[in-house]
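Undergrad: how would this look folded up:
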Amino acid sequence: MDEQAVGRAVAPGAPKGRHDEVFDLTESERAALATIQGRPLQLPRDYVLKRDGAEPTHLFVLVEGWVASSIAVVSGRQQTVKIHLPTDLLGAPSLCVTRTAECLTSITPVTVRPMSRADFMGVLARFPRIAAAQFLGAQRERVVLMEALALMGQTDGAVRIAGMLIDLFDRLAALGLAEHGTLPLPLTQGQIGDLVGLSPVHVSRKLGAMERAGLIRRGMRTITLLDIGRLRAMTGLPQHAFVREPEWVNFA
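TA: Model (predicted):
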C-alpha cells in the first residue's frame, strides 16, 4: 500500500468472491487465493487506499464495505466512475499501466486484504480456472459498462438513475444485501451524479420525482426499490443470464 495502513487486523477468512460467479472453486483453488492475501485490515471512511498516478504495487480484495474508484479531471476534482462492493478485486485496471489509473477511496468503513501483483499473476498461471473466471468476470463488467454508457448517451436522467439502482440491486442481491428490495446507499448526490452524468441538483429532483411516482422510497443511507420491474423496464435493457460453468471452457 502506498498510503500508511491505519487499520487494525481482523480475523482472516476466505469468503466466496467474484470468481465464484463463473465457477464453483475447489478447496485448493480457494486456498491458493487465500494464501496470497495479506491479513485483513479495517480502514475508516474516506481513506485513500491508492492514489491515481502512484506506483501500482498491490491489489486489494474488498471484504466488507464500499469503495469508490475515481479519476482526476481537468478541473482538479475526482470524478467517480465505479462503485466497488464486497468481494470485488480493487486495482485491477492498473495492472496494464506503469502508474495507477484510478484513485481508490473508501465510502464506508471497509475491510480489505492486500496482495501483490506478482502473487496474483502466479496464481492465475497455476490455476487456469481462476484465470478463466477472472477473464470472464472482466467481460461481465464490460457488458455493464457498455450499457451504462448507452444509457448516459441516449436517455434522460431518471432512466440513468434507474439503471444505476438496478445494477446496484443486482450486485447486492447476489451478496444477500438487498432484502425485500431495500439496499444500503451511502453515496452522496454528487457521487450519484458522477455515475449518471447529472448535477447533484438534478439528482435530487429526479429522485424526488421517482419517489412521488412510487418507484422508490428513500431512507437514512438506504433506498427501497418499490417496483423493480418498472425500474428495469425503464432502462430498456435486457436482464442478462451470465454464464455459469460453461461447457465450452476446456481445462484438459
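
Undergrad: now the helices for the stretch 101-250 of the chain?
TA: 117-126, 128-154, 157-174, 189-196, 200-212, 228-235 (DSSP state H, counting those that start in this stretch).

Undergrad: mark out where each domain of the protein begins and ends.
TA: Domain assignment for the chain by automatic domain parsing gives 26-126, 138-235.

Undergrad: the helices of the stretch 101-250 of the chain: which one's closest to Val249?
TA: The closest of the helices of the stretch 101-250 of the chain to Val249 is helix 128-154. By Cβ to Cβ, the value is 5.6 Å. C-beta here means a position set from N, CA and C on the backbone, and glycine is covered the same way.

Undergrad: give the other helices and strands that the closest one contacts.
TA: Packing partners of helix 128-154 (3 or more Cβ pairs under 8 Å, 6 or more residues apart in numbering; DSSP states H and E): helix 27-35, helix 117-126, helix 157-174, helix 189-196.

Undergrad: Serialize these to a markdown table and add fields for distance to Lys206.
TA: Formatted as a markdown table, those follow (distance: least, Cβ to Cβ, whole Å):
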| stretch | distance to Lys206 |
| --- | --- |
| helix 27-35 | 40 |
| helix 117-126 | 40 |
| helix 157-174 | 5 |
| helix 189-196 | 9 |
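
Undergrad: wait, which of these is closest to Arg18?
TA: Taking these one by one with Cβ to Cβ, helix 157-174 is closest: 9.7 Å.

Undergrad: got the CA coordinates for that closest one in PDB?
TA: The C-alpha trace of helix 157-174 is given here as PDB (Å, rounded to 0.1, in the frame of the first residue of the first chain):
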ATOM      1  CA  GLY A 157     -31.700  11.500 -16.000                       C
ATOM      2  CA  ALA A 158     -34.400   9.300 -14.400                       C
ATOM      3  CA  VAL A 159     -33.600   6.400 -16.700                       C
ATOM      4  CA  ARG A 160     -29.900   6.700 -16.000                       C
ATOM      5  CA  ILE A 161     -30.600   6.600 -12.200                       C
ATOM      6  CA  ALA A 162     -32.900   3.600 -12.700                       C
ATOM      7  CA  GLY A 163     -30.100   1.800 -14.500                       C
ATOM      8  CA  MET A 164     -27.600   2.600 -11.700                       C
ATOM      9  CA  LEU A 165     -30.100   1.500  -9.000                       C
ATOM     10  CA  ILE A 166     -30.800  -1.800 -10.800                       C
ATOM     11  CA  ASP A 167     -27.100  -2.500 -11.200                       C
ATOM     12  CA  LEU A 168     -26.500  -1.900  -7.500                       C
ATOM     13  CA  PHE A 169     -29.600  -4.000  -6.600                       C
ATOM     14  CA  ASP A 170     -28.500  -7.000  -8.800                       C
ATOM     15  CA  ARG A 171     -24.900  -6.900  -7.300                       C
ATOM     16  CA  LEU A 172     -26.100  -6.500  -3.700                       C
ATOM     17  CA  ALA A 173     -28.800  -9.100  -4.100                       C
ATOM     18  CA  ALA A 174     -26.200 -11.600  -5.200                       C
END
